[in-house]
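>>> from the sequence below, what's the structure:
(2 chains)
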Amino acid sequence: MRAVTDTNSRPAVLAEGLRKSYGNAPALVGLDLLVAQGTVHGLLGPNGAGKTTAVRILSTLLRPDGGRAEVLGLDVVRSANALRARIGLAGQYAAVDERLTGLENLVMFGRLYRLPVRRARARAEELLERFDLSDAAGKVVGAYSGGMRRRLDLAASLVIAPRMLFLDEPTTGLDPRSRLAMWEVIGDLVRDGTTVLLTTQYLEEADQLADRISVIDGGRVIAEGTADDLKARVGGHRLDLVIARGGDLAAAAEVLRAAGTGLVDVDHAGWRLSVPVPGARVLAEVIRGLDAADVEIVDVALHRPSLDDVFLTLTGRRAEEEPAGQPGDDATTRDLVTT
Amino acid sequence: MTTGTGTVAPGAGGSVDLTPLAGRGSLTWGLLDAWVIAQRNLRHTWRVPDMLVFSIIQPVLFVLLFVYVFGGAINVGPGLNYVDFLMPGVFVQTVIFGAMLTGLGLAEDRQRGLLDRFRSLPMSRSALLAGRTLSDLVRNLFVVLLMLAVGLAIGFRFHHTNLAKVVAGFGILLLFAYAFSWVSATIGMAVSSVEAAQSGGFIWVFPLVFASSAFAPVESMPGWLQPFAENQPVSVVVSAVRALFIGGPLAGDVIASLAWSVGIIAVFGPLSVRFYRRTVSR
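Below is the predicted model:
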């Protein structure tokens, strides 16, 4: 967990015990975060969980009340200005100027990143080309579609080709097609070596994009890992089996009992059995066992729990629901589910 | 500040060299950044001219109403045309109202989320405010020149003065407007919405502008009001500009005008920047 002096193995983001309140309402109550360079890290949580506050602190927009954070080895409070010259921020709050054209926007941001005018312009044109906005370069952004605006917003955050990119709910409010296009763009960036910290309330999005996910609720991380880790933590997979009519249900149940981690659910009328299993590895064992017991398989399926199941298990709520109360109110609930 | 060597990911970049310029003082950068912002705002004004049109129509209407409706009833003393008395006051009123748009523009930037974008950039911390006050100054200059043309058309004339004094008069006027822009910027950063900036930004200006020597002589006001009306900054500036345009005792009011303007900037400049640094879009 410790930061190493070597630049390349140093984490892109290291946050320890970040705290922030707005008046009496706590937004972060001790957030820890570690993001390795060159990875996509997802902050997953419902509205009001503290995702945006975390991103705002890490991108120097907000000062934390307590704790500390480093991005690219720079302290987000003490070295804020040096850090601003190295990071990009895009998403629901960081915006573009609706009354300027796409080109004017990017040239302006380039100049504010202190590129000379000519290079700012060349970079703007390059980015417009890359984000498929060349045709709209001379149009006022107010006339752009939602998807075009988001692409321009993302382009604006890439003016200096930052090594660290913060994306705050990059696809919120986009139609499914624009969302897919945005995912593709983000995927390209990551392939190019950019580290991305993205917040989302979409489980599918975190699953799709993120190498690792921190589940946030009530202002702190309640679970962390790869999407697979998180799903496994909820109880791994569930194996569903249907055997041929007239087959030996008792023998099949015995095989499943040996491979599974819980009670075997047997549906005698449907010749159907079901059991929780630790992972996909047991499938071979089960099939060999059934084969040895001479049970004929009609259908066998492994169901991975969705991230929605993960959230439900960790918090007792669905991710899309509004939080039960103020972030600080459910301290007891949180203690019960803390991992 | 060091350059961005090593911060460039190979593929997020392209063929353009993205090394930022370096080696300039923070004051130079502050001015350059403010100029980028001012250019942007002036583009807005040009592209969405309704704001400009309204900021012109309103003072022109004021001049015409005051001269033709109230002019006959307001006695400004023997040997003085009301329009000559009025124009310096209308100039001051116009630039103050114009300066109040500063906070509105900033509140709008916040509402549209641009404030977060700017605050995430390595630009100077005062540039967004300085750029906004600068572009509002340019707009005010433009409006004042137009007002002058309207004034001249309905009979306003400079008296007992010379070119240097007239230029000095406009200088004092615009410096005062610039100072009020910073007050407005502070309000715009302190309040939570565009609507609040709109009403909160204007309410306190009315008594200042009307309980002054801008439109009517202070002597015609009730005794309890006169000490305020005589000495408040708007009256001081109106008196200075009036003396520079149509003659009268100068030194005291000119010095007091400059002192008020510099003092207001010295207080509200740093205050507004402080608010800016702590504000985030909602």
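
>>> now for the residue in the stretch 51-200 of chain A that chain B sits nearest to, how many residues are close by?
When scored by Cβ to the nearest Cβ, the stretch 51-200 of chain A has A:Asp192 as its residue closest to chain B, at 2.5 Å. Any C-beta I mention is one placed from the backbone N, CA and C, and that applies to glycine too. When counting by other Cβ atoms under 10 Å in any protein chain shown, one arrives at 14 neighbours for A:Asp192.

>>> how far away is it from A:Leu133?
Distance from A:Asp192 to A:Leu133, counting by Cβ to Cβ, to the nearest Å: 19 Å.

>>> could you pull out the strands in the stretch 1-150 of chain A for me?
Ranges of strands in the stretch 1-150 of chain A, per DSSP state E, counting those that start in this stretch, are A:13-22, A:25-35, A:40-44, A:66-71, A:74-75, A:87-91.

>>> direction included, what does the fifth one pair up with?
Based on DSSP bridges, the strands next to strand A:74-75 in the sheet, each with its direction, are strand A:66-71 (antiparallel).

>>> off-centre distance for the partner strand?
A distance of 20 Å separates the centroid of the chain from that of strand A:66-71, by Cα atoms, centre = their mean, to the nearest Å.

>>> with stretch B:180-193 instead?
12 Å.

>>> outside of that stretch, which residues touch it?
Stretch B:180-193 is touched from outside by B:95-96, B:99-107, B:110-111, B:129, B:132-133, B:136-137, B:197, B:200-201, B:264-265, B:268-269, B:271-272, B:275-276, B:279, B:282, with contacts defined as Cβ atoms under 8 Å, 6 or more residues apart in numbering or on different chains.

>>> tell me, how many residues neighbour B:Ala251?
Residues lying near B:Ala251 (other Cβ under 10 Å) number 9.

>>> and the next element down the chain from the lowest-mean-pLDDT helix or strand in chain B?
Lowest by mean pLDDT, DSSP states H and E among the helices and strands of chain B is helix B:50-65, with a mean of 83. Next along the chain after helix B:50-65, taking DSSP states H and E as the criterion, comes helix B:82-99.

>>> pull that following helix out as PDB, backbone CA atoms only.
Extracted C-alpha coordinates of helix B:82-99, given in PDB (Å, rounded to 0.1, in the frame of the first residue of the first chain):
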ATOM      1  CA  TYR B  82     -30.900  70.600 -17.000                       C
ATOM      2  CA  VAL B  83     -29.400  68.400 -19.800                       C
ATOM      3  CA  ASP B  84     -25.900  69.700 -18.900                       C
ATOM      4  CA  PHE B  85     -26.500  69.000 -15.300                       C
ATOM      5  CA  LEU B  86     -28.100  65.600 -16.000                       C
ATOM      6  CA  MET B  87     -25.600  64.000 -18.400                       C
ATOM      7  CA  PRO B  88     -22.700  63.500 -15.900                       C
ATOM      8  CA  GLY B  89     -25.200  61.900 -13.500                       C
ATOM      9  CA  VAL B  90     -26.600  59.600 -16.200                       C
ATOM     10  CA  PHE B  91     -23.100  58.600 -17.200                       C
ATOM     11  CA  VAL B  92     -22.400  57.500 -13.600                       C
ATOM     12  CA  GLN B  93     -25.700  55.800 -13.300                       C
ATOM     13  CA  THR B  94     -25.200  54.000 -16.600                       C
ATOM     14  CA  VAL B  95     -21.700  52.600 -15.800                       C
ATOM     15  CA  ILE B  96     -22.800  51.500 -12.300                       C
ATOM     16  CA  PHE B  97     -25.800  49.600 -13.700                       C
ATOM     17  CA  GLY B  98     -23.400  48.200 -16.400                       C
ATOM     18  CA  ALA B  99     -20.900  47.100 -13.700                       C
END
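
>>> what is the orientation angle of that helix with helix B:50-65?
When axes from the mean of the first three to the mean of the last three Cα atoms, to 10 degrees is applied, the directions of helix B:82-99 and helix B:50-65 differ by 160 degrees.

>>> got the angle between the next helix or strand after helix B:82-99 and helix B:50-65?
Remark: after helix B:82-99, the chain's next helix or strand is helix B:101-111, criterion DSSP H and E. Computed by the same axes, to 10 degrees, the angle separating helix B:101-111 from helix B:50-65 equals 160 degrees.

>>> list the buried residues of helix B:101-111.
Neighbour counts over helix B:101-111 (16 or more other Cβ atoms under 10 Å in any protein chain shown) mark B:101-111 as buried.

>>> can you flag the buried ones in the contacts of stretch B:180-193?
If we count by 16+ other Cβ under 10 Å, the contacts of stretch B:180-193 have these buried: B:95-96, B:99-107, B:110-111, B:129, B:132-133, B:136-137, B:197, B:200-201, B:264-265, B:268-269, B:271-272, B:275-276, B:279.

>>> does B:Gly155 touch B:Asn81 like I think?
Yes - under the contact definition of Cβ atoms under 8 Å, B:Gly155 touches B:Asn81, with a separation of 6.9 Å.

>>> what about the two, which has more around it?
Set B:Gly155 next to B:Asn81 and count neighbours by other Cβ under 10 Å: B:Asn81 wins out with 16 against 12.

>>> now for the more buried one: which residues touch it?
B:Gly155.

>>> and it, how far from chain A?
When Cβ to the nearest Cβ, to the nearest Å is the yardstick, B:Asn81 and chain A sit 43 Å from each other.

>>> next one, pLDDT for that residue please.
pLDDT, B:Asn81: 86.

>>> check the one 5 residues further on too.
For B:Leu86, the model assigns a pLDDT of 90.

>>> burial count for B:Ser220?
For B:Ser220, the count of nearby residues is 12 (other Cβ under 10 Å).

>>> residues contacting the nearest residue to A:Glu204 once chain neighbours are set aside?
Once flanking residues are discounted, A:Glu204 sits nearest to A:Leu307: 7.7 Å by Cβ to Cβ, 6 or more residues apart in numbering or on different chains. A:Leu307 is in contact with A:44, A:203-204, A:206-207, A:213, A:227, A:230-231, A:319, counting by Cβ under 8 Å, 6+ apart.

>>> derive a PyMOL selection command for the buried subset of those.
To isolate in PyMOL the members of those that are buried, counting by 16+ other Cβ under 10 Å, one can use:
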select buried, chain A and resi 44+203+206+207+213+227+230+231+319
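
>>> and which of the contacts of A:Leu307 is nearest A:Val286?
Taking Cβ to Cβ as the measure, A:Val286 sits nearest to A:Lys231 out of these, at 19.3 Å.

>>> quick check: which element contains the closest one?
Judged by DSSP H and E, A:Lys231 forms part of helix A:227-233.

>>> which residues does that helix contact?
A:206-207, A:210, A:213, A:215, A:223, A:225, A:278-279, A:304-307, A:309-310, A:313, A:339.

>>> quick check, central residue of chain A?
Nearest to the mean C-alpha position of chain A, counting by Cα atoms, centre = their mean, stands A:Gly42 at 2.3 Å.

>>> from what I see, it and A:Gln208 are in contact.
No - the criterion here is Cβ under 8 Å, and A:Gly42 misses it with A:Gln208 at 9.4 Å.
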